[in-house]
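Engineer: Attaching a predicted model along with its sequence, questions to come.
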Amino acid sequence: MTEAQPAPQRVRLPRRDVHGVLLLDKPIGISSNDALQKARWLFQANKAGHTGSLDPLATGMLPLCFGEATKVSGFLLDADKDYAVTCKLGARTATADAEGEVVETKPVPALSPPVIEAALAQWRGEIMQVPPMYSALRHQGQRLYDLAREGIEVARQARPVTIHDMVLKGFTADSLSLEVRCSKGTYIRTLVEDVAQSLGTLAHVTVLRRLAVGPFGRDLALLSLQELEARKAAQGLEALDALMLPVDHAVLHWPMAALTGDSAWYFTRGQAVFVPGAPAAGKLRVYGDGRFLGVGEMQGDGRLAPKRLLNLP
């Protein structure tokens, strides 16, 4: 009898400091965190984080922040986002998307562009939205989706969100395709259910793709995990690093302040400084001697105070 061979051990790759933002095209069927960990492993990065979860069903833009970029990732969490969504009318599911079982059905009325536009108009602007049970929000320390999987439903407080725009891209007798630009905290699955309610029926999401996040617009190319794997195999880590955007691209849409000499020195040590010609209020991306220092915020006395300092090489 031959002896059983031990299972091969996975080689632990050395970790390294990597700084920048990667625009990943999250694939369908995995969580945002799984996609992040796969990318982090490919880059052999010490530190990385994502900027707002996408459901496993969803695909599209998932900015990943590496190294010092994690210090500005929160600003992307707060950014507006664009989505393309297709929903199936006439059926509600437990999860509000195609992954859940159908729990209720209802006839779909005759649809026309004017009828659909009237329903969409009710949900543009600032609205109150009740988060779904299948979400990562917490209730008494437990994730709502964990409670939902146990068959427990709890009351959720409605929260204000803003639907900046919602455009009909196409429809059939029992489906709608929309493009939505919305504020942080918006649940597209809930929005679809609300629109369907205004149409007198039910709905759930069948396709969801994120198109843009804050300063990262629809025109930017996204990179798949397969492309990253192929690039690394063919050209090595340096070729992967070349795909990253500089850290300051996460806040490139903000005004800039350029500091020199003593001002840069005091700013990097946590002290507010005067910046001639700076805006009266708001956040600024701050540079010193050509290097990105971090994010500052204007104070009422006209000084620029450090909000988030970076330590880039």
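Structural biologist: It's in.

Engineer: for the stretch 101-250 of the chain, which spans come out with low pLDDT?
Structural biologist: In the predicted model, the stretch 101-250 of the chain carries pLDDT under 70 at residues 133-155.

Engineer: which residues in the stretch 51-200 of the chain form helices?
Structural biologist: Per DSSP state H, counting those that start in this stretch, the stretch 51-200 of the chain has helices spanning 73-77, 113-121, 144-149, 188-199. These are given in chain order.

Engineer: for this protein, what's the longest strand?
Structural biologist: Criterion DSSP state E: the longest strand present in the chain is strand 159-172.

Engineer: hmm, back to that, out of the helices of the stretch 51-200 of the chain, which comes closest to P313?
Structural biologist: The closest approach between P313 and any of the helices of the stretch 51-200 of the chain, judged by Cβ to Cβ, belongs to helix 73-77 at 18.8 Å. Just so you know, the C-beta spots here come from the backbone N, C-alpha and C atoms, and that holds for glycine as well.

Engineer: Please name every helix or strand in contact with the closest one.
Structural biologist: Helices and strands touching helix 73-77, by 3 or more Cβ pairs under 8 Å, 6 or more residues apart in numbering; DSSP states H and E, are strand 59-66.

Engineer: switch to 10 Å and redo it
Structural biologist: strand 48-50, strand 59-66, strand 303-309 (3 or more Cβ pairs under 10 Å, 6 or more residues apart in numbering; DSSP states H and E).

Engineer: pLDDT on that helix, on average?
Structural biologist: For helix 73-77, mean pLDDT is 89.

Engineer: List the single closest residue to the residue nearest the centre of the chain in space, sequence neighbours excluded.
Structural biologist: Closest to where the C-alpha atoms of the chain average out (Cα atoms, centre = their mean) is G52, at 3.5 Å. Distances taken as Cβ to Cβ, 6 or more residues apart in numbering place L77 nearest to G52, at 5.3 Å, with adjacent residues excluded.

Engineer: just L309 next, same as before
Structural biologist: Looking at L309 with Cβ to Cβ, 6+ apart, the closest residue is G294, at 4.3 Å.

Engineer: Looks to me like the one you found is in a strand.
Structural biologist: Yes. Counting by DSSP: H, G, I helix; E, B strand; the rest coil, G294 is part of a strand.

Engineer: was I right about it contacting K307?
Structural biologist: Yes. At 7.2 Å, G294 counts as touching K307 under the criterion of Cβ atoms under 10 Å.

Engineer: Now do the same contact list for R16.
Structural biologist: 43-46, 67, 237, 241 (Cβ atoms under 10 Å, 6 or more residues apart in numbering).

Engineer: List buried residues within those.
Structural biologist: 43, 45, 67, 241 (16 or more other Cβ atoms under 10 Å).

Engineer: Beta-bridge partners for L24, please?
Structural biologist: Note on L24: beta-bridge partners by DSSP bridges are L62, L223.

Engineer: coming back round to it: name the helices or strands packed onto the longest strand of the chain?
Structural biologist: When contacts are defined as 3+ Cβ pairs under 10 Å, 6+ apart, strand 159-172 packs onto strand 81-89, helix 113-121, strand 125-129, strand 175-182, helix 188-199.

Engineer: what's near enough to touch A258?
Structural biologist: By Cβ under 10 Å, 6+ apart, the contact set of A258 is 264, 275, 278, 284-290, 293.
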